[in-house]
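A.B. asks: Return atomic coordinates for the entry below.
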Amino acid sequence: MSATRPPNRLFRLFAPRASALLLIALCALSPLRASAQVTTVKPEIPLTAAQEKQLEVLLPDLRCLVCQNESLAESRAPLALDLKYEVRNLVAQGKSDAEIKQYLTARYGDFVLFRPPFDPRTWLLWLGPIGLVIIGLLALLWNVRQSRKPKATTTPTVDPAALRKLLDE
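C.D. replies: A predicted model of the protein is given here:
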């Protein structure tokens with residue numbers, strides 16, 4: 001006698017349909033799970049008037065990491081709000097602008113700064129536009145010089161006999 005029982009007819013009949021219904025139900029409910037966001041309320045960090053001014057000056061110089069060319073002061077992205085809170089915390093600790101920027105670039109790279117430092121890694125970024133303007137001006141100057149040069153034209157030789165024959169006709 002066997003220890004396992006063969007599946008009954010009812011199970012074989014409804015098992016494929018039940019799994020399909022379960023899959024449909026999961027797919028229908030998945031957008032609800034995706035739209036749920038956990039928002040945490042962070043306590044407001046009190047700042048002095050001087051620290052508020054420092055924060056006001058510092059935030060426009062920092063780039064939002066998820067927005068395209070938007071500063072932290074303008075951005076409303078959740079990551080930007082977290083980063084603003086972090087910067088506010090650093091300002092409350094008495095850190096200088098340079099220390100805060102150094103902390104952020106150590107974590108996120110030079111991309112977090114709207115004005116990256118002038119160093120060997122960023123020379124092309126700073127000097128590239130100037131180089132393109134110089135190349136464009138040189139090309140324009142060369143083109144103007146070429147157009148002002150008198151073009152060497154060769155005058156066709158005229159056969160006097162052929163010319164007289166044409167005039168006589």
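A.B. asks: Please identify which helix or strand holds the residue nearest the centre of the chain.
C.D. replies: The C-alpha lying nearest the average C-alpha coordinate of the chain belongs to Gln68 (CA atoms, centre = their mean; 5.0 Å). Using DSSP states H and E, Gln68 is not contained in any helix or strand.
A.B. asks: contacting residues for it?
C.D. replies: By CB atoms under 8 Å, 6 or more residues apart in numbering, no residues touch Gln68. Where C-beta positions appear, they are placed from N, C-alpha and C, glycine not excepted.
A.B. asks: count of residues packed around Phe118?
C.D. replies: 11 (other CB atoms under 10 Å).
A.B. asks: quick one: it and Glu56, what's the gap?
C.D. replies: To Glu56, Phe118 is 26 Å away according to CB to CB, to the nearest Å.
A.B. asks: same question, Ala92
C.D. replies: Counting by CB to CB - Ala92 and Glu56 are separated by 14 Å.
A.B. asks: ok, the two, which is more surrounded?
C.D. replies: Neighbours were counted for Ala92 and for Glu56 using other CB under 10 Å; Ala92 has more, 14 against 10.
A.B. asks: who's in contact with the closest residue to the more buried one other than its chain neighbours?
C.D. replies: Closest residue in space to Ala92, ignoring its immediate chain neighbours: Ile45 at 4.8 Å, by CB to CB, 6 or more residues apart in numbering. By CB under 8 Å, 6+ apart, Ile45 lies in contact with 85, 88-89, 92.
A.B. asks: Can you give me the pLDDT of Ile45?
C.D. replies: For Ile45, the model assigns a pLDDT of 82.
A.B. asks: Please apply the same query to Pro129.
C.D. replies: 90.
A.B. asks: Kindly report the same for the one 4 residues further on.
C.D. replies: If you check Val133, the pLDDT there is 93.
A.B. asks: From the chain's centroid, how far away is the helix or strand harbouring it?
C.D. replies: Per DSSP H and E: Val133 is located in helix 123-148. Remark: helix 123-148 is offset 27 Å from the chain centroid, using CA atoms, centre = their mean, to the nearest Å.
A.B. asks: Pull out the buried positions in that helix.
C.D. replies: Residues of helix 123-148 classed as buried: none (neighbour count, 16 or more other CB atoms under 10 Å).
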